[in-house]
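Enquirer: I'll drop the sequence and a predicted model, then ask my questions.
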2 protein chains.
Amino acid sequence: MIDYSAILNRYRPDEQELQKLKSISEYLTTRASEICRHKNIRADPVLVGSYAKGTNLKDGDLDLFIAFDRDYEEKIMEKLGLSIGHDLLPNGKEKYAEHPYVSGEIDGIKIDVVPCFKMEFGQKKISAVDRTLLHTRYVNEKLDGASKDQVRLLKVFMKSVGVYGAEARTYGFSGYLCELLIIRYGNFENVLRLFSTTRGRLKIDDDERFEDPMVLIDPVDPDRNVASAVSLESLSRMRIASKMFLDNPSESFFDLERKPIKPKYHDRGTCIRIYSIEKPDLTDDVLYPQIYKFKLALLRLMEEYNMEPVGSAIDVADRIYVLIETRKFISDSIRIHVGPPADTSNSIDFIKKWLTRERSRGPYLVGNRLYVDTVEERKTPEEIVLSNISKYSIGKNLDKLKNTIKVQKFEEIKGRIRVLDRFFSEEAFGGLNSLSA
Amino acid sequence: MIDYSAILNRYRPDEQELQKLKSISEYLTTRASEICRHKNIRADPVLVGSYAKGTNLKDGDLDLFIAFDRDYEEKIMEKLGLSIGHDLLPNGKEKYAEHPYVSGEIDGIKIDVVPCFKMEFGQKKISAVDRTLLHTRYVNEKLDGASKDQVRLLKVFMKSVGVYGAEARTYGFSGYLCELLIIRYGNFENVLRLFSTTRGRLKIDDDERFEDPMVLIDPVDPDRNVASAVSLESLSRMRIASKMFLDNPSESFFDLERKPIKPKYHDRGTCIRIYSIEKPDLTDDVLYPQIYKFKLALLRLMEEYNMEPVGSAIDVADRIYVLIETRKFISDSIRIHVGPPADTSNSIDFIKKWLTRERSRGPYLVGNRLYVDTVEERKTPEEIVLSNISKYSIGKNLDKLKNTIKVQKFEEIKGRIRVLDRFFSEEAFGGLNSLSA
């Protein structure tokens, strides 16, 4: 039997932390309101996030929205928002998401002060801020204290499995989605049974407008799929983890301090290259889509040159690291040029053209089609990347940093680096495989 | 302008040869009838082939059928047939096709004496022998001397292009098909225009029963497609050659003494292995399908091991040679084991199974599916072939000779060998490319 109360004691904020969060959040909203009144700014501070809903985990952070009237010019709104943020968080730093915001801390609590508009005029759709407020109210209405603890268990489980968070870094389950799942299915284990027994797309609500792997309609906004960020892989990972836990329950599924396993680096007989690029100072939601684009561009190049890519991994540390593994260490010598079918009028043109050119073999027929072989210069994967990456867009910010790309060869790396740890420990979900062994 | 009469003078049998063929064929039929009468054998000698139709080329051979009544037991028929053959051709040797037959020569003319049955009792279908007789009569009725010369031009052209002959060695155009084409289209150049202007399947007769690349219904047997042996590749080759000739007519297209080109052997950066196997004493029609099976088995093995086959060639000399070219010199190190989808009940079994086994990486997820990588022993193409060819059938006769398979590496070969000549000169049709250059 799993001792859920012990797990909750470990990851639920204690009385002292809750007191601290309460006083800080009261200070933030009061102070922000004062500033607005004082400076005649038509904006309201709104505390959002899991603390406001009572489903927060230990050592959580606070999110304060500064919701501006929609008639402000965007530049003005951003400027005022930042000034409020700096006032509230004297040690805060500016970051950039949809709008710039200030991130800092008070008394060890991480705080984001995020300016935004109150309403999208001309749109019937509910605004993001209004919706967030409604979420907070809805969750507080529907969940009692015990159920909020079930949400916490689900969040811890998902964190440990690596699927918690809707942001681009994870494409997993948001906190609000966890809350709605507990509201629907009553408790943590019921939610796991849902994941372990269903097949195909997980359509908790059957709404044909949404084609995402998982669909759960927002009770406060029927036009929105709360699970839209959940990738097929996150859903599958959660399903596997749920099956494994129910098959053989273990408290290790709730151990967030689990040490990352140190896999054995070994020669797979493959060509492993690690491409790193300078890391721009951006939030994950802006950065990660560009990292995925970078990885995709590298994989496409490897496909284009028939290098047979078989593995990849990414890591964000001092720089952005993308590992690409290919079966081949060097590109093909022979290129097979596909010509027209024999029974077309340009078949003769193809033959005439090639008879005056250097070639290794042909024009020859296979079935009804003409081909010519030429011998090509052979290239290493890194030569392919460095001479071709300019053709691919890898995102607004990374595009400007292509000249900072460096290449490391696996066989020349001494010591451990995290992207290799990730690559070699790649399992159905981080390190949990070993639990069932 | 092409001097067709010069070409005909070169390849049409001269008066002296025709006289010789006439006297030999008269001798053969008379003598065979005598033997049958003398020994009370109920069989008739029938002269068939291009000589009987007056469309023969210079230095042709003679085919004599000995057509037995159907009530003979097969073994008896074969024995009697061979004895007649040996009587007619004292220097003859026994060969084997559908039945054994005797092949020899008289006065420099190659002669086959082939026993067969007169009728297929119980079948409404016309027998092969009857049909052959009808062909001879039909062609002689429809073609005058000038048209027969047009047939000869077409045959020479097709020989030079490498598509003449319906047998398994070529899968091309039979002599009878050439005759029917001239009967339909009047002359050689019209036939070439047919090939150069048509696209897709060449349905000279639109008969849905036949799905062959080319369809021409036998005027003496409406259930038979005379072009059934023509492969897509032979059809395409003939089309290309026709286009090239009409585009730029040249007498080289009629040069059967053209020296085979001696291509430059060169390093294509690929792995070229030549597998040879003992050559059993069989006719081409029995042997070639088995050689194609052998080649196909080798190519399949290369595909199975992801060796990336890119070229092949065959040659029959002292042994049977099959050349296989692959991009890779050694098989892959990493094998990717495809597991079940994550959302199935056996996903957990797959994970549990693999957690107790040696593996390089995984079980890991890609999309909704589980995978495991293992490191495999790497094999050369020849190791793959020698340890796996037993799994494949390569034909009744070659199956028994698998233990005679030898392997040669391209890089170790000194001097020229014909299968390499073929491989490196592989062009849309043997050596004719250079004509248009």
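Expert: Yes, it's here. Residues are numbered from 1 along each chain as shown, chains lettered A, B, ... in the order given.
Enquirer: which residues does the residue of the stretch 1-150 of chain A found nearest chain B contact?
Expert: Nearest residue of the stretch 1-150 of chain A to chain B: residue A:2, at 18.3 Å (CB to the nearest CB). C-betas here are computed from N, CA, C, even on glycine. Residue A:2 makes contacts with A:249-251, A:254, as judged by CB atoms under 8 Å, 6 or more residues apart in numbering or on different chains.
Enquirer: residue ranges with poor pLDDT in chain A?
Expert: Applying pLDDT under 70 to chain A flags the ranges A:119-127, A:129, A:426-437.
Enquirer: Return stretch A:27-47 as PDB; C-alpha atoms alone will do.
Expert: Taking C-alpha atoms only, stretch A:27-47 is exported to PDB below (Å, rounded to 0.1, in the frame of the first residue of the first chain):
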ATOM      1  CA  TYR A  27       1.200  42.700   0.000                       C
ATOM      2  CA  LEU A  28       1.600  42.300  -3.800                       C
ATOM      3  CA  THR A  29      -2.100  42.900  -4.700                       C
ATOM      4  CA  THR A  30      -2.500  45.800  -2.200                       C
ATOM      5  CA  ARG A  31       0.700  47.500  -3.300                       C
ATOM      6  CA  ALA A  32      -0.100  47.000  -7.000                       C
ATOM      7  CA  SER A  33      -3.600  48.500  -6.500                       C
ATOM      8  CA  GLU A  34      -2.000  51.500  -4.600                       C
ATOM      9  CA  ILE A  35       0.400  52.100  -7.500                       C
ATOM     10  CA  CYS A  36      -2.400  52.100 -10.000                       C
ATOM     11  CA  ARG A  37      -4.500  54.400  -8.000                       C
ATOM     12  CA  HIS A  38      -1.600  56.700  -7.300                       C
ATOM     13  CA  LYS A  39      -0.500  56.900 -11.000                       C
ATOM     14  CA  ASN A  40      -4.000  56.800 -12.400                       C
ATOM     15  CA  ILE A  41      -3.400  53.600 -14.200                       C
ATOM     16  CA  ARG A  42      -6.600  51.800 -15.200                       C
ATOM     17  CA  ALA A  43      -5.400  48.300 -14.300                       C
ATOM     18  CA  ASP A  44      -6.200  45.600 -11.700                       C
ATOM     19  CA  PRO A  45      -3.800  43.200 -10.000                       C
ATOM     20  CA  VAL A  46      -5.100  39.600 -10.200                       C
ATOM     21  CA  LEU A  47      -3.500  36.700  -8.300                       C
END
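Enquirer: buried stuff in that stretch?
Expert: Buried residues in stretch A:27-47, counted by 16 or more other CB atoms under 10 Å in any protein chain shown: A:28-29, A:32, A:35-36, A:41, A:43-47.
Enquirer: In the stretch 51-200 of chain A, which residue sits nearest chain B?
Expert: Closest point on the stretch 51-200 of chain A to chain B, by CB to the nearest CB, is residue A:199, at 4.5 Å.
Enquirer: in what helix or strand does that residue lie?
Expert: Residue A:199 belongs to no helix or strand when assigned by DSSP states H and E.
Enquirer: Could you report the neighbour count for residue A:263?
Expert: A count of nearby residues for residue A:263, using other CB atoms under 10 Å in any protein chain shown, gives 17.
Enquirer: Same check on residue A:144?
Expert: For residue A:144, using other CB under 10 Å, the count is 10.
Enquirer: I'd say residue A:380 and residue A:330 touch.
Expert: Yes: with contact defined as CB atoms under 8 Å, residue A:380 counts as touching residue A:330 (5.9 Å).
Enquirer: show me where chain A has helices.
Expert: Taking DSSP state H as the criterion, chain A carries its helices at A:4-11, A:15-39, A:50-53, A:74-88, A:128-142, A:145-161, A:175-185, A:188-197, A:232-247, A:284-304, A:347-355, A:381-388, A:418-424, A:433-436.
Enquirer: What residues does the stretch 151-300 of chain A have near chain B?
Expert: Neighbours of chain B within the stretch 151-300 of chain A, by CB under 8 Å from any CB of the partner chain: A:198-200, A:232-233, A:235-237, A:239-240, A:243-244, A:247, A:266, A:268-270.
Enquirer: Grab the nearest non-local neighbour of residue A:225.
Expert: residue A:210 (4.4 Å; CB to CB, 6 or more residues apart in numbering or on different chains).
Enquirer: From residue B:104, how far off is the one you found?
Expert: Going from residue A:210 to residue B:104 by CB to CB, to the nearest Å gives 82 Å.
Enquirer: what's near enough to touch residue A:24?
Expert: A:62, A:106-107, A:109, A:111.
Enquirer: which of those residues are buried?
Expert: Buried among the contacts of residue A:24 by 16+ other CB under 10 Å: A:62, A:106, A:109, A:111.
Enquirer: Distance-wise, check the third one relative to residue A:26.
Expert: It refers to residue A:109. Here the criterion is CB to CB. By it, residue A:109 lies 13 Å from residue A:26.
Enquirer: before we move on, back to that, out of the buried ones among the contacts of residue A:24, which sit inside strands?
Expert: Judged by DSSP state E, the subset of the buried ones among the contacts of residue A:24 located in strands is A:62, A:106, A:109, A:111.
Enquirer: wouldn't the first one be in contact with residue A:110 here?
Expert: Yes: proximity of residue A:62 to residue A:110 meets the contact threshold set by CB under 8 Å, at 7.5 Å.
Enquirer: Where does the record place the domain boundaries for chain A?
Expert: As assigned by automatic domain parsing, chain A contains the domains A:4-139, A:143-254, A:271-330+A:379-436, A:334-375.
Enquirer: any residue of the shortest one up close to chain B?
Expert: Yes: using CB under 8 Å from any CB, domain A:334-375 reaches chain B at A:334, A:336, A:341-344, A:347-348, A:351-352, A:355-356, A:360-370, A:373, A:375.
Enquirer: Can you get me the start-to-end distance on that domain?
Expert: 5 Å (CA to CA, to the nearest Å).
Enquirer: quick revisit: which of the helices of chain A sits closest to residue B:311?
Expert: Ranking the helices of chain A by proximity to residue B:311 (CB to CB) places helix A:347-355 first, at 16.7 Å.
Enquirer: Once you drop chain neighbours, what's closest to residue A:303?
Expert: residue A:309 (6.5 Å).
Enquirer: Look up how far residue A:263 lies from residue A:11.
Expert: 27 Å.
Enquirer: Could you do residue A:4 as well?
Expert: 31 Å.
Enquirer: before we move on, back to that, now the buried ones among the contacts of residue A:24 in JSON lines, with distance to residue B:173?
Expert: Formatted as JSON lines, the buried ones among the contacts of residue A:24 follow (distance: CB to CB, whole Å):
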{"residue": "A:62", "distance to residue B:173": "85"}
{"residue": "A:106", "distance to residue B:173": "91"}
{"residue": "A:109", "distance to residue B:173": "88"}
{"residue": "A:111", "distance to residue B:173": "86"}
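Enquirer: Go through these and name the one nearest residue A:180.
Expert: residue A:62 (22.1 Å).
Enquirer: does that closest one have beta-bridge partners, and which?
Expert: residue A:111 (DSSP bridges).
Enquirer: Next up, the contacts around it.
Expert: A:21, A:24-25, A:28, A:47, A:49, A:51, A:109-112.
Enquirer: Please name the nearest non-neighbouring residue to residue A:271.
Expert: In space, residue A:271 is closest to residue A:329, 4.4 Å off (CB to CB, 6+ apart).
Enquirer: Look up how far residue B:342 lies from the residue of the stretch 101-250 of chain A at minimum distance from chain B.
Expert: Using CB to the nearest CB, the closest approach of the stretch 101-250 of chain A to chain B is made by residue A:236 at 3.5 Å. Applying CB to CB, the value for residue A:236 to residue B:342 is 4 Å.
Enquirer: Which neighbours do these two have in common?
Expert: Residues touching both residue A:236 and residue B:342 by CB under 8 Å, 6+ apart: B:365, B:368-369.
Enquirer: Please convert those residues to CSV, extending it with neighbour count and distance to chain A.
Expert: CSV is the format used below for the shared contacts of residue A:236 and residue B:342 (neighbours: other CB atoms under 10 Å in any protein chain shown; distance: CB to the nearest CB, whole Å):
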residue, neighbour count, distance to chain A
B:365, 24, 5
B:368, 21, 5
B:369, 18, 8
